[in-house]
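J.: sequence and predicted model, in that order:
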Amino acid sequence: MSKGWTGGSTRQWRRTRAAVLEQNQLDTGGRCTVQIPTICTRWADTVHHTKGRAITGDDPAHLVASCTPCNLHIGDPQTHNPACPLCAQRPSNALDPEPRPMTWW
Ligand SMILES: [Zn+2]
Ligand SMILES: [Zn+2]
């Protein structure tokens, strides 16, 4: 992830983000899936990297639809306070979804 790091919006990233938001629209009607109490607007308008962009890049398996306040609050999950009182109040169904298996053996 050293080459091309701009911290901003590449064309590929915009496409990935749009796909995540589109899928979330189908799955939840467009709700924020992070749902941090007191700051969440409830409606996803961006995408959050659940493991940190430095770890997984823009792998859609580790992306969730998020509202901007939730995304900004967590920032990089690797450095976010693990004892954060706001995050501790998140509803259990808002935890990171398990990756969906593509095949069943
Ligand atoms: Zn939110
Ligand atoms: Zn937090």
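T.: Yes, it's here. Ligands and ions are numbered 1, 2, ... in the order given.

J.: elements contacting the helix of greatest length in the chain?
T.: In the chain, with assignment by DSSP state H, the single longest helix is helix 11-28. Taking 3 or more Cβ pairs under 8 Å, 6 or more residues apart in numbering; DSSP states H and E as contact, the helices and strands that helix 11-28 lies on are strand 46-49, strand 63-66. (C-beta placed from N, C-alpha, C; glycine too.)

J.: which of those strands is buried the deepest?
T.: strand 63-66 (a mean of 25; mean count of other Cβ atoms under 10 Å).

J.: now do it: distance to the chain's middle.
T.: 3 Å (Cα atoms, centre = their mean, to the nearest Å).

J.: quick check: buried residues in the next helix or strand after that strand?
T.: Remark: after strand 63-66, the chain's next helix or strand is helix 68-74, criterion DSSP states H and E. The neighbour-count check on helix 68-74 (16 or more other Cβ atoms under 10 Å) flags Pro69, Cys70, Asn71, His73, Ile74 as buried.

J.: ok, these vs Trp13, which is closest?
T.: Set against Trp13, the nearest of the buried residues of helix 68-74 by Cβ to Cβ is Asn71 (13.7 Å).

J.: just send the buried residues of helix 68-74 back as a markdown table, with distance to ligand 2 too.
T.: Below are these laid out as a markdown table (distance: Cβ to the ion, whole Å):
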| residue | distance to ligand 2 |
| --- | --- |
| Pro69 | 11 |
| Cys70 | 9 |
| Asn71 | 11 |
| His73 | 5 |
| Ile74 | 6 |
